[in-house]
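Asker: Quick one, fold the following:
(2 chains)
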Amino acid sequence: MLRGGVCADLLSSSPRRGLSAVATRLRIELNLSKTAGDSVRVRFAPSPTGKLHIGGARTALFNWAYARGRGGKFLLRIEDTDPERSTAEHERAILSGLRWLGLDWDEGPDVGGPHAPYHQARRIGRHKELAQQLFDGGKAYRCFCSRERLEQLHETQKAAKERLAYDGLCRRLTRAVSDERAVGEPFVLRFAVPSGKTRFLDHVRGDVVFDNVEVEDWVMVRSDGNPTYNFVVVCDDVDMEITHVFRGEEHLVNTPKQVLLYEAFGRAQPEFGHLPLMLGADRKKLSKRKETEYTALSDYIEKGYPRDAMVNFLCLQGWALNGSQEIFNVAELVSNFDINDVSKAGAVFDFEKCNWMAGEYIRRDTLEHVAQMCAPYAVRAELMTEAEIRERHGWWLAVVAGEKERVHTYSDLVERLRYLFVDDEKLVYDPGAEANARKQVARIETLKAFLDWLRPRIETGVDAGALRDAGKAWIAERGLKMPALFQPLRCALSGLSGGPDTFDIMSWLGPERTLRRIALGVERLA
RNA sequence: GGCCCCAUCGUCUAGCCAGGCCUAGGACACCAGGUUUUCAUCCUGGCGACAGGGGUUCAAAUCCCCUUGGGGUCACCA
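Answerer: Okay, the predicted model is just below:
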């Protein structure tokens, strides 16, 4: 029986959702037995058949936050039961993606643990043992139906507009006949779904009930002897003593199959939580979309999205700290996250807001850290070498500071600095910037006069602050408007229509290149 | 098509379980103004939603039912 205390308290700690009462009642009804000392054990179980999807990343994050907020354990298990598609490379990438997010796991493929191995494929002996056990107990049966028959069956079912499911033909075979045919014929092992209804506690959906007639006798073990996902996931969750299963909503319809398995094993079912899907702009599952460039976490990492921003934003898809605070850190996530607060409806991934948040994190971050994070992008773009960045640290900090307020990602920032590194003669004028400059009718005289004025003042270096004051005074003396000088000047120096203060740009460029670029501007803007 | 899930501004959401405090709050985006040599930042303001219909109730965004709409899933993939 349930000891009311711990679990009930945990659930009722969050009054914002209506699931607390349902959960507590259902726990008792379903006899989700928890023995004293049981603590939360959750897992993230990716299959290494592709990149880590941002939806998967969020699932991992929620599982991790749930465990960490409750002193539980977070395990990582690799679901590599599909040898065709699983690769070690994908696995490495997934692990590094999870680490990038700041997640750590108490048990897993690389850290080991009391339930090793954590690669599903390496647990196949155990899976077969359990399958045999179910077969011996009459809870699974051999099916000799050919693929052709199955295909045909589905065809007729489709034509009759019925549900597509196995009709249970081989379930009626006697054991003697089954044994006999097993000698020479290939077969799969199907789970014998009992009649009745299957019920489970879902912390996101509430009380979920399926009629077992809707659950087909699914394949547990393939004809080549390899067990299938729905079977091994339960075997491993049982063996690893998983208490809560939080995963994407696409698994909701698998759950009755799995719950039935727990019952067949005579084990208490875990508590579930099916997270709302992450949707594309077309409101379809993000992973189903064709364009994959923005769906993998690695895409965001490469582009230079700040880690904390991604964590923050991913959590916002389906969960909110409260009604008013958008920006929160990992500590706040851990101490406030509750699976009961996750919303049921799918969330359209809003790239605009994601970009805003990334920029917000960069703006709030220290200059030193942003400069450090940007450095690799500058190196990759061959703007500077690592050594140069170290040697000219002050200069690097200054130029990064100049763009910090203006960008969304680290790579973004570096791209905006490119004009500083090109040859003066090869500087490209942005059409908009040039148009702005040309609007100033007296641009050439002004630029020439400014050049003459400037030359003696920067012989020993550019003091942006002092120069700025003097420059503005110079403009005022000549009765000019600010844009009359600054538009052409900015274009000549950077070729851009926007950007940092022009005197700052001069100080980064240095006297020689400043004078050269202005002189070139006089020619090019004529 | 069967089954399942879902439904508050264009988008992410708060509010819903324990109905009144909601002429529905915040954020992104958008629009307008201010600051700035430009762009960006920043500040101010604006636009903008309870899918529809029934019920229950003194009272419904909140509870119930139906309709509509959207999604998921129907493999010897996971």
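Asker: And for the most centrally placed residue in chain A, nearest residue in space, chain neighbours not counted?
Answerer: With the centre of chain A defined as its mean C-alpha position, the nearest residue by CA atoms, centre = their mean is A:Ile54, 2.8 Å away. By the measure of CB to CB, 6 or more residues apart in numbering, the closest residue to A:Ile54 outside its immediate chain neighbours is A:Leu297, 5.5 Å from it. Backbone N, C-alpha and C define where each C-beta goes, glycine included.
Asker: Could you verify my assumption that that neighbour touches A:Gly50?
Answerer: No - under the criterion of CB atoms under 8 Å, A:Leu297 is not in contact with A:Gly50, lying 11.4 Å apart.
Asker: Between these two, point out the one with more neighbours.
Answerer: For A:Leu297 against A:Gly50, the residue with the higher neighbour count under other CB atoms under 10 Å is A:Leu297, and the figures read 26 against 18.
Asker: any idea of the pLDDT on that one?
Answerer: The pLDDT attached to A:Leu297 in the predicted structure is 96.
Asker: swap in A:Thr460?
Answerer: According to the per-residue confidence, A:Thr460 scores 86 in pLDDT.
Asker: Just give the number of residues close to it.
Answerer: Applying the criterion other CB under 10 Å, we find 7 residues in the vicinity of A:Thr460.
Asker: same check, this time on the one 4 residues further on
Answerer: When neighbours are counted by other CB under 10 Å, A:Ala464 registers 17.
Asker: swap in the one 10 residues further on?
Answerer: As a burial measure, A:Trp474 scores 17 neighbours (other CB under 10 Å).
Asker: how far does the helix or strand hosting it sit from the chain's center?
Answerer: Using DSSP states H and E, the element containing A:Trp474 is helix A:464-477. When C-alpha coordinates are averaged (CA atoms, centre = their mean, to the nearest Å), helix A:464-477 and its chain have centres 49 Å apart.
Asker: just the CA coordinates of the next helix or strand after it, formatted as CSV?
Answerer: Toward the C-terminus, helix A:464-477 is succeeded by helix A:482-494 as the next helix or strand (DSSP H and E). Output for helix A:482-494, consisting of C-alpha atoms alone and laid out as CSV, is shown next (Å, rounded to 0.1, in the frame of the first residue of the first chain):
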residue,chain,number,x,y,z
MET,A,482,25.9,64.9,-37.5
PRO,A,483,24.9,62.6,-40.4
ALA,A,484,26.7,64.8,-42.9
LEU,A,485,30.0,63.5,-41.6
PHE,A,486,29.1,60.3,-39.9
GLN,A,487,27.2,58.6,-42.8
PRO,A,488,30.0,58.8,-45.3
LEU,A,489,32.6,58.3,-42.6
ARG,A,490,30.9,55.1,-41.3
CYS,A,491,30.6,53.8,-44.9
ALA,A,492,34.3,54.5,-45.6
LEU,A,493,35.5,52.8,-42.4
SER,A,494,33.3,49.8,-42.2
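Asker: Would you map the helices across the stretch 51-200 of chain A?
Answerer: Listed in chain order, the helices of the stretch 51-200 of chain A (DSSP state H, counting those that start in this stretch) span residues A:54-68, A:88-100, A:124-136, A:147-159, A:175-184.
Asker: Next, the angle from the second one to helix A:54-68.
Answerer: What separates the directions of helix A:88-100 and helix A:54-68 is an angle of 50 degrees, with axes from the mean of the first three to the mean of the last three CA atoms, to 10 degrees.
Asker: contacting residues around the residue nearest to A:Ile54?
Answerer: When contacts are counted by CB atoms under 8 Å, 6 or more residues apart in numbering, A:Leu297 is found next to A:51-54, A:56-57, A:97, A:100-101, A:310.
Asker: Number of residues surrounding the residue lying closest to A:Gly498 once chain neighbours are set aside?
Answerer: Take A:Gly498 and drop its neighbours on the chain: the residue closest to it by CB to CB, 6+ apart is A:Arg406, 7.8 Å away. Burial measure for A:Arg406: 15 neighbouring residues, criterion other CB under 10 Å.
Asker: tell me the SS of the residue lying closest to A:Arg364 once chain neighbours are set aside?
Answerer: Across the structure, with CB to CB, 6+ apart as the measure, the residue nearest A:Arg364 apart from its sequence neighbours is A:Ile327 (7.9 Å). Under the three-state scheme (DSSP: H, G, I helix; E, B strand; the rest coil), the conformation of A:Ile327 reads as coil.
Asker: Does A:Ile327 touch A:Asn312 like I think?
Answerer: Yes - A:Ile327 is in contact with A:Asn312 according to CB under 8 Å; the separation is 6.3 Å.
Asker: and for the two, which residues touch both?
Answerer: Contact with both A:Ile327 and A:Asn312 is made by residues A:357, A:361, according to CB under 8 Å, 6+ apart.
Asker: circling back to that earlier point, contacts only, for the residue nearest to A:Gly498.
Answerer: For A:Arg406, the contact set (CB under 8 Å, 6+ apart) comprises A:413, A:416, A:498-499.
Asker: Start from the N-terminal end of the stretch 1-150 of chain A and give the strands.
Answerer: Assigned by DSSP state E, counting those that start in this stretch, the strands in the stretch 1-150 of chain A fall at A:41-44, A:73-76, A:140-143.
Asker: What is the first one packed up against?
Answerer: Contact here means 3 or more CB pairs under 8 Å, 6 or more residues apart in numbering; DSSP states H and E; on that basis strand A:41-44 packs against helix A:54-68, strand A:73-76, strand A:244-248.
Asker: who does the last one touch, helix- and strand-wise?
Answerer: Looking back up the chat, that one is strand A:244-248. Packing partners of strand A:244-248 (3+ CB pairs under 8 Å, 6+ apart): strand A:41-44, helix A:54-68, strand A:271-275.
Asker: In chain A, where is pLDDT below threshold?
Answerer: Segments of chain A classed as low confidence (criterion: pLDDT under 70) are A:1-21, A:33-38, A:288-293.
Asker: repeat that with 90
Answerer: The model of chain A has pLDDT under 90 over residues A:1-39, A:81-85, A:154-164, A:286-294, A:323, A:459-462, A:526.
Asker: sorry, back to before: closest one to RNA strand B among the helices of the stretch 51-200 of chain A?
Answerer: Checking the helices of the stretch 51-200 of chain A against RNA strand B by CB to the nearest atom of the strand gives helix A:147-159 as the closest, at 5.3 Å.
Asker: which of the residues in that closest one are buried?
Answerer: For helix A:147-159, the neighbour count (16 or more other CB atoms under 10 Å) marks A:150, A:153 as buried.
Asker: What parts of the stretch 101-250 of chain A come near RNA strand B?
Answerer: With the criterion set to CB under 7 Å from any atom of the strand, the stretch 101-250 of chain A comes near RNA strand B through A:120, A:146-147, A:150, A:154, A:161-166, A:186, A:188, A:205-206, A:208-211, A:214, A:216, A:219, A:222-224, A:226, A:228-230, A:249-250.
Asker: do that again at 6 Å, thanks
Answerer: Applying CB under 6 Å from any atom of the strand, we find that the stretch 101-250 of chain A lies next to RNA strand B at A:147, A:150, A:154, A:161, A:163-165, A:188, A:205, A:208, A:210, A:214, A:219, A:222-224, A:228-229, A:249-250.
Asker: What is the burial count for A:Ala449?
Answerer: Each residue near A:Ala449 was counted by other CB under 10 Å, and the total is 15.
Asker: for it, what are its contacts?
Answerer: A:Ala449 makes contacts with A:Arg478, as judged by CB under 8 Å, 6+ apart.
Asker: about what we covered before: including distance to A:Ile389, could the helices and strands packed on strand A:244-248 go into CSV?
Answerer: Supplementary listing: those in CSV, determined by distance: least, CB to CB, whole Å:
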stretch, distance to A:Ile389
strand A:41-44, 36
helix A:54-68, 30
strand A:271-275, 41
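Asker: now these as TSV including distance to RNA strand B?
Answerer: Listed next are the helices and strands packed on strand A:244-248 as TSV, based on distance: least, CB to the nearest atom of the strand, whole Å:
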stretch	distance to RNA strand B
strand A:41-44	12
helix A:54-68	10
strand A:271-275	7
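Asker: now for these, which one comes closest to A:Gln132?
Answerer: For the helices and strands packed on strand A:244-248, distance to A:Gln132 was read as CB to CB. The smallest value, 25.0 Å, belongs to strand A:41-44.
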